[in-house]
Every structure is written in C-alpha cells, then in structure tokens.
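> here are the coordinates; sequence isn't available:
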C-alpha cells in the first residue's frame, strides 16, 4: 500500500469536519493510519507507545461504531474521498 505524503497533512486538516465523533487526537492517528502509516511510525511521530496508539485506534473504532480495523480504514478513506468529491472545483 502506498503511504500518504504527510507534508500535505495541514492542507487536508479540513477533512476533520467529516469525523465529528472523533477527538482531534483520534482523528489525527486514525487518518494517518488509514493512509498507510504503521503503528510504530505513528507512535514515534506522536511521541507515544505502540500500545497507546493501539488504544487510541480502538477508541476511534468504538466512537465510529465499527468493529474491525479494516472497516475503519475503509470508512475513513470513503469519507475523505466523498468529502473531496463534494468540494471539488
């Protein structure tokens, strides 16, 4: 899977509104994870442990009403794509 270019993350922060059920931290971690960042890289980037990242992703899944990790990945990507489609110029 290709990894998202995180130098562009600030320009995509507007996607935050598509995830009202998540906290800012949950959104950030879930968004980066959905775009292909692995758990150890997420932990390093966020100056936390892999266990803390796993717990935050689990809380995100619960907040989104989802049971499985891959369902969360698909849901995040679909919401982002729909958001981009609706806001195209």
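Nice, I can see it. Treat the numbers as computed from the prediction; the structure is a model and nothing was measured.
> Tell me which residues are up against the least confident helix or strand in the chain by mean pLDDT.
Sorting the helices and strands of the chain by mean pLDDT, DSSP states H and E puts helix 69-86 at the bottom, at a mean of 89. Identification of contacts with helix 69-86 by CB atoms under 8 Å, 6 or more residues apart in numbering yields 12, 15, 18-19, 30-31, 33-35, 57, 60-61, 64, 66. Quick note: C-beta positions are derived from backbone N, CA and C, even for glycine.
> buried set for that helix?
Residues of helix 69-86 classed as buried by neighbour count (16 or more other CB atoms under 10 Å): 72, 73, 75, 76, 80, 83.
> repeat for stretch 56-68
Buried residues in stretch 56-68, counted by 16+ other CB under 10 Å: 56, 57, 59, 60, 61, 63, 64, 66.
> Name the nearest residue to the third one, sequence neighbours excluded.
Same thing as residue 59. Using CB to CB, 6 or more residues apart in numbering and skipping the chain neighbours, the partner closest in space to residue 59 is residue 26 (6.1 Å).
> What's the separation between the one you found and residue 87?
Distance check for residue 26 against residue 87: by CB to CB, to the nearest Å, it reads 22 Å.
> for this structure, what spans make up the helices?
Under the criterion DSSP state H, the chain contains helices at 24-34, 39-45, 50-63, 69-86.
> So residue 33 sits against residue 42, correct?
Yes. If you go by CB atoms under 8 Å, residue 33 and residue 42 touch, sitting 6.1 Å apart.
> list the residues that contact both of the two?
Both residue 33 and residue 42 are contacted by residue 53, under the criterion CB under 8 Å, 6+ apart.
> Can I get the buried residues of helix 69-86 in JSON lines including distance to residue 48?
JSON lines is the format used below for the buried residues of helix 69-86 (distance: CB to CB, whole Å):
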{"residue": "72", "distance to residue 48": "19"}
{"residue": "73", "distance to residue 48": "20"}
{"residue": "75", "distance to residue 48": "23"}
{"residue": "76", "distance to residue 48": "20"}
{"residue": "80", "distance to residue 48": "24"}
{"residue": "83", "distance to residue 48": "27"}
